[in-house]
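Chemist: Task: produce atomic coordinates for the following.
(chains A and B)
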Amino acid sequence: DAEITQSPRHKITETGRQVTLACHQTWNHNNMFWYRQDLGHGLRLIHYSYGVQDTNKGEVSDGYSVSRSNTEDLPLTLESAASSQTSVYFCASSSGSYNEQFFGPGTRLTVL
Amino acid sequence: AQSVAQPEDQVNVAEGNPLTVKCTYSVSGNPYLFWYVQYPNRGLQFLLKYITGDNLVKGSYGFEAEFNKSQTSFHLKKPSALVSDSALYFCAVRDKVRDDKIIFGKGTRLHILP
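Modeler: Here you go, the predicted structure:
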């Protein structure tokens, strides 16, 4: 069965370190998204991609970067982790703009 | 700019009673509308969507939602609540004309009381 996976599921890191969160989908979807979920804010879009070599900034992109070298993967990199980036991160994919998104299980990131 | 509002942070309903989770939206063109559910320590799961056509949309787990263009609302409903419906519910909207990204509401926590 097709799925979307995230790794690691939990991560503790220190301020200033570079961190990369992996997202891998086997749906063969062109569209992929990264969100963060925080109390009181719901889901906020960090970056998204509509295909290989395409990346776009979302509403909270500062301090984050992504790259899309193939259809299946959209890794999210925190260049220099900050305590404000402590959050739960969700990756999602969809086959088109009017289609539902499929979400991964999430990565809980703690920056100390 | 498009936006979506879920006016209630929490909704409490007795088991067996009907439930409604409210959502209103603002877009410049016609909307795509979605409802998702999130159970503890899980990712979001798709429930239903409105793209065009019948204003009453039926989805998973007995949920349905009514699109009301004049009131710019897309409320989620279920005739008889189950304790297992307790979860966090998100409404989301996308503007068809602007072909913009999906915007999620802040979520409504639904508690079904036994």
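
Chemist: Residues contacting stretch A:1-21, please?
Modeler: Residues from elsewhere that reach stretch A:1-21, judged by CB atoms under 8 Å, 6 or more residues apart in numbering or on different chains: A:22-28, A:34, A:75-83, A:89-93, A:102-112. C-betas here are computed from N, CA, C, even on glycine.

Chemist: scratch that, stretch A:51-68
Modeler: Residues contacting stretch A:51-68 (CB under 8 Å, 6+ apart): A:30-36, A:44-50, A:69-71, A:74-80, A:82, A:85, B:101.

Chemist: In the sheet, which strands lie alongside the least confident helix or strand in chain B by mean pLDDT, parallel or antiparallel?
Modeler: Lowest mean confidence among the helices and strands of chain B (mean pLDDT, DSSP states H and E): strand B:103-104, at a mean of 90. Looking at strand B:103-104 with DSSP bridges, its partner strands are strand B:87-95 (antiparallel).

Chemist: re earlier: what's the following helix or strand after the least confident helix or strand of chain B?
Modeler: For strand B:103-104, the succeeding helix or strand toward the C-terminus, using DSSP states H and E, is strand B:108-113.

Chemist: That following strand pairs with which strands, and in what direction?
Modeler: strand B:10-14 (parallel), strand B:87-95 (antiparallel).

Chemist: Go through the ones you listed and pick out the most buried.
Modeler: With neighbours taken as mean count of other CB atoms under 10 Å in any protein chain shown, the strands paired with strand B:108-113 reach their highest mean count in strand B:87-95, at a mean of 23.

Chemist: I'd like to know which of the strands paired with strand B:108-113 is closest to B:Thr24.
Modeler: strand B:87-95 (8.5 Å; CB to CB).

Chemist: Which secondary structure state does the residue nearest the centre of chain A sit in?
Modeler: Nearest to the geometric centre of chain A sits A:Trp34, at 3.0 Å (CA atoms, centre = their mean). At A:Trp34 the chain is in strand, as set by DSSP: H, G, I helix; E, B strand; the rest coil.

Chemist: try the one 10 residues further on
Modeler: Classification of A:Arg44 into helix, strand or coil gives strand, according to three-state DSSP.

Chemist: does the closest residue to A:Val19 other than its chain neighbours have beta-bridge partners, and which?
Modeler: Nearest residue to A:Val19 in three dimensions, chain neighbours excluded: A:Leu78, at 4.5 Å (CB to CB, 6 or more residues apart in numbering or on different chains). For A:Leu78, the beta-bridge partners under DSSP bridges are A:Val19, A:Tyr64.

Chemist: And A:Asp54, by the same measure?
Modeler: Assigned bridge partners for A:Asp54, using DSSP bridges, are A:Gly51.

Chemist: before we move on, what about B:Leu110?
Modeler: Under the criterion used (DSSP bridges), B:Leu110 bridges to B:Val11, B:Ala87.

Chemist: mind listing the strands in chain A by residue range?
Modeler: Along chain A, the stretches classed as strands by DSSP state E are A:4-7, A:10-13, A:19-25, A:31-38, A:42-51, A:54-57, A:64-66, A:76-78, A:87-94, A:102-103, A:107-111.

Chemist: now do chain B
Modeler: B:3-5, B:10-14, B:19-21, B:24-26, B:31-38, B:44-50, B:56-58, B:64-68, B:73-78, B:87-95, B:103-104, B:108-113.

Chemist: mean confidence for the fifth one?
Modeler: Averaging pLDDT along strand B:31-38 gives 94.
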